[in-house]
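J.: Turn this into a model:
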Amino acid sequence: MERTPTEGKYLYGIIRGSPPRVFTNRGVGGRGDPVYTVHAGDLAAIVSDSPIIEYDQSRRNLLAHTQVQEEVMEQFTILPVRFGVIAPSAEAIQQKLLLRQAAELTDILEQLHGRMEVGVKAFWFEEAIFSEIVASTPPIRELRDSLIGRSPAESYYERIRLGEMISAELTHRRTTDAELILSRLQPLAEQVQIGAVLTDRMVVNAAFLLPNERKATFDAAVDTLDAEIGQRMLFKVSTAPPYNFVTLTINWD
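T.: Numbers count the residues shown, from 1 in each chain. You can find the predicted model right below:
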């Protein structure tokens, strides 16, 4: 016989204390569990009932997690908890998180109050960047032209060399473009986290911690960049809980 998983509390984040709340969005897992608060002292955890299991990072589960946090963000400063954290009980949340770490949690929430995380990703349009490289780099253009009509076998080493030259030029241009973008956006943020470049087309992958009142100015700066270089680059801007600017260790032992 299969054992039924023990029930626990799935954790989405921490807020300052308020009257008990039930939120509109439903919890992770697809069971339709309501999302509500568990309180201790001046703090509250956002939770839903959940079996104590390891959730798949499916689109449905990740979206449910994010939607709960986004709803809470509309009304409260939230200290977000990463996907998949499940407490053994409400009592564990109260005693081993909200009370035991009260000073740390309060301090982090104070730092985050009135602030938001804005993510910016910038991508080259592939055809545009390669056309630009060929047009403005004579050695690359000449080598490319010399390969026209030649078989891959007879021009094997030249093709490798061409790939190396293009890769080096992409690295150079990525550095230059990233410096331009960050020089415009970084002064508007209180903190910046630069993430890894994940694809050949990606130029910038960064998170900015902004005061809420600076968001319109930040958006205008992105719009200005888009007007200047948008013909060769796509900007994606998103608002999220401030994952990149908090570190929270939870231990139920």
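J.: And Arg16, how far from Val134?
T.: Arg16 sits at a distance of 56 Å from Val134 (criterion: CB to CB, to the nearest Å). No exception for glycine: its C-beta is placed from N, CA and C like everyone else's.
J.: cool, Glu169 as well?
T.: Glu169 is 10 Å from Val134, by CB to CB.
J.: Residues that sit against both of those two, list them.
T.: Ile140 (CB atoms under 8 Å, 6 or more residues apart in numbering).
J.: I'd like to know how many residues surround Ser131.
T.: 12 (other CB atoms under 10 Å).
J.: next one: Glu126
T.: Neighbour tally, Glu126, other CB under 10 Å: 10.
J.: I'd like the next helix or strand past the helix or strand where Val203 lies.
T.: According to DSSP states H and E, Val203 maps onto strand 202-211. Counting by DSSP H and E, the element after strand 202-211 in chain order, helix or strand, is helix 215-229.
J.: helices or strands up against that next one?
T.: strand 115-124, helix 156-185, strand 233-240 (3 or more CB pairs under 8 Å, 6 or more residues apart in numbering; DSSP states H and E).
J.: Kindly recompute the last result at 6 Å.
T.: Judged by 3 or more CB pairs under 6 Å, 6 or more residues apart in numbering; DSSP states H and E, helix 215-229 is in contact with helix 156-185, strand 233-240.
J.: still on that earlier bit, the strand holding Val203 - what's its average pLDDT?
T.: What strand 202-211 shows for mean pLDDT is 96.
J.: roughly how far apart are Gln95 and Ile46?
T.: 18 Å.
J.: ugh, wrong one, I meant Thr249
T.: 18 Å.
J.: Give me the more crowded residue out of those two.
T.: Counting neighbours by other CB under 10 Å for Thr249 and for Ile46 shows that Ile46 has the greater number, 27 against 6.
J.: helix/strand/coil for Phe23?
T.: Of the three states, Phe23 takes strand under DSSP: H, G, I helix; E, B strand; the rest coil.
J.: Please name the bridge partners of the closest residue to it other than its chain neighbours.
T.: Closest residue in space to Phe23, ignoring its immediate chain neighbours: Val35 at 4.3 Å, by CB to CB, 6 or more residues apart in numbering. Beta-bridge partners recorded for Val35 (DSSP bridges): Phe23, Ser48.
J.: if I pick Val35, what's in contact with it?
T.: Phe23, Asn25, Gly27, Ser48, Val68 (CB atoms under 6 Å, 6 or more residues apart in numbering).
J.: isn't the last one right up against Gly13?
T.: The reference is to Val68. No. With contact defined as CB atoms under 6 Å, Val68 does not count as touching Gly13 (8.1 Å).
J.: Outline the domain layout of this protein.
T.: Using automatic domain parsing, the domain ranges for the chain come out as 7-113, 116-244.
J.: looking at those domains, which is buried most?
T.: domain 7-113 (a mean of 17; mean count of other CB atoms under 10 Å).
J.: what's the span of it from first residue to last?
T.: Distance across domain 7-113, first residue to last, is 33 Å (CA to CA, to the nearest Å).
J.: Repeat that for stretch 231-248.
T.: Termini of stretch 231-248 sit 41 Å apart (CA to CA).
J.: of the domains of the chain, which approaches Asp253 most closely?
T.: domain 7-113 (8.1 Å; CB to CB).
J.: re earlier: let me have the contacts of Val35 in TSV, extended by pLDDT.
T.: Output for those, formatted as TSV (pLDDT from 0 to 100):
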residue	pLDDT
Phe23	96
Asn25	96
Gly27	95
Ser48	97
Val68	97
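J.: Make a markdown table out of those residues and add distance to Asp253.
T.: Listed next are those as a markdown table, based on distance: CB to CB, whole Å:
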| residue | distance to Asp253 |
| --- | --- |
| Phe23 | 29 |
| Asn25 | 30 |
| Gly27 | 25 |
| Ser48 | 23 |
| Val68 | 26 |
